[in-house]
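[1] my questions concern the predicted model and sequence given below.
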Amino acid sequence: MSARPDAARPDAAHPDAARPDAALVLIEFQREWLDPEHGRLNHLVEDRGLLDTAVRGAAAALAAARAHGVPVVHVPLVLTPGAPELASWTPARLGLRAAIPKAGTWIEGSAGVEFAEAFRPAPGEPVVRGRAGASAFAGSSDFDLILRRLGVTDLYLAGFATHVCVESTLREAHDRGYTAHVVHDACAAFTRGQQEHVREHVIHHFGAETDAAAFAASLRTAVRAAELR
């Protein structure tokens, strides 16, 4: 399946959603991370237990969001050969802008950019296009447009890597005025140390931390509160 499926783009959150102001954001749930055979980044993950926990947590959060009508926004990274998108207006000399073209990861048409089986977008779930950078907002991404069209203000972030793309998205979401939560057991870094650094020293500056069970519980609570009104 292509990493750019023709999913319908809803203009607003489902009117019966438990949290019409919230969205679950799945960052890079692609084979590059989650397929041991085709995922180059999968091979670099040192803490396999952390990755397994993230997959289970993300699956639980995804099931809860879908069960309660909460929008799910998929944020893949898909680049053209040579990744010219990362060069922008200056040559890509350092950081991921230089490393990704050399590694040949995230290239459109490759197995690595396909969504992992368990995290393929369902019909109607928006898929971000035009992203070119660590943050989900980077490049010509339509992420912000999708969120505004949905009427979403609260983001629940899950994905990879915690200390790179999740953190970058968290920081930019904060600066753009969104309320962001990192679902920590639905995210993974390469090492436990990287994961804990973000949890201990970064998240509280830009948002809050939660876990998949608490996210699901908050949706159930919202449903009960709505029924009592």
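    Yes, it's here. Residues are numbered from 1 along each chain as shown.

[2] below-threshold pLDDT in the protein: ranges please.
    For the chain, the stretches with pLDDT under 70 are 1-16, 229.

[3] just checking, next helix/strand downstream of the longest strand along it?
    Counting by DSSP state E, the longest strand found in the chain is strand 179-188. Where DSSP states H and E defines the elements, the next helix or strand beyond strand 179-188 is helix 192-201.

[4] now do the buried residues in the very next helix or strand once past that next one.
    For helix 192-201, the following helix or strand on the C-terminal side (DSSP H and E) is helix 203-206. By neighbour count on 16 or more other Cβ atoms under 10 Å, the buried set for helix 203-206 is 203, 206. Yep, even glycine has a C-beta here, placed from its N, CA and C like the rest.

[5] sorry, back to before: helices and strands around the longest strand of the chain, which ones?
    Packing partners of strand 179-188 (3 or more Cβ pairs under 8 Å, 6 or more residues apart in numbering; DSSP states H and E): helix 48-67, strand 154-160, helix 167-175, helix 192-201, helix 203-206, strand 208-210, helix 212-228.

[6] okay, and the beta partners of Leu79?
    Applying DSSP bridges to Leu79 yields these beta-bridge partners: Ile107.

[7] for Phe206, list the residues it contacts.
    Going by Cβ atoms under 8 Å, 6 or more residues apart in numbering, Phe206 touches 170-171, 173-174, 180.

[8] hmm, back to that, and the longest strand of the chain, which residues are buried?
    Using 16+ other Cβ under 10 Å as the test for burial, strand 179-188 gives 180-188.

[9] now stretch 108-126
    In terms of neighbour count (16+ other Cβ under 10 Å), stretch 108-126 has its buried residues at 110, 112-116, 119, 121, 125-126.

[10] could you export the contacts of Phe206 as TSV, including distance to Asp21?
    Putting those into TSV (distance: Cβ to Cβ, whole Å) gives the following:
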residue	distance to Asp21
Leu170	18
Arg171	21
Ala173	14
His174	16
Ala180	13
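
[11] can you list the buried residues of strand 179-188 in CSV and add distance to Pro81?
    Converted to CSV, the buried residues of strand 179-188 look like this (distance: Cβ to Cβ, whole Å):
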residue, distance to Pro81
Ala180, 33
His181, 36
Val182, 33
Val183, 33
His184, 35
Asp185, 35
Ala186, 31
Cys187, 29
Ala188, 28
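
[12] what residue lies at the spatial centre of this structure?
    The centroid of the chain falls nearest to Ile27 when counting by Cα atoms, centre = their mean (1.9 Å).

[13] quickly list what that residue is bridged to.
    For Ile27, the beta-bridge partners are Val75, Gly159 (DSSP bridges).

[14] distance of it from Ala222?
    The spacing between Ile27 and Ala222, counted by Cβ to Cβ, to the nearest Å, is 24 Å.

[15] equivalent analysis for Leu86, please.
    Distance of Leu86 to Ala222, given as Cβ to Cβ: 39 Å.

[16] closest to Gly159 out of the buried residues of strand 179-188?
    Cys187 (6.0 Å; Cβ to Cβ).

[17] so that closest one makes contact with Thr53?
    No: counting by Cβ atoms under 8 Å, Cys187 stays clear of Thr53, with 9.3 Å between them.

[18] now do the contacts for His201.
    Contact analysis of His201 by Cβ under 8 Å, 6+ apart lists nothing.
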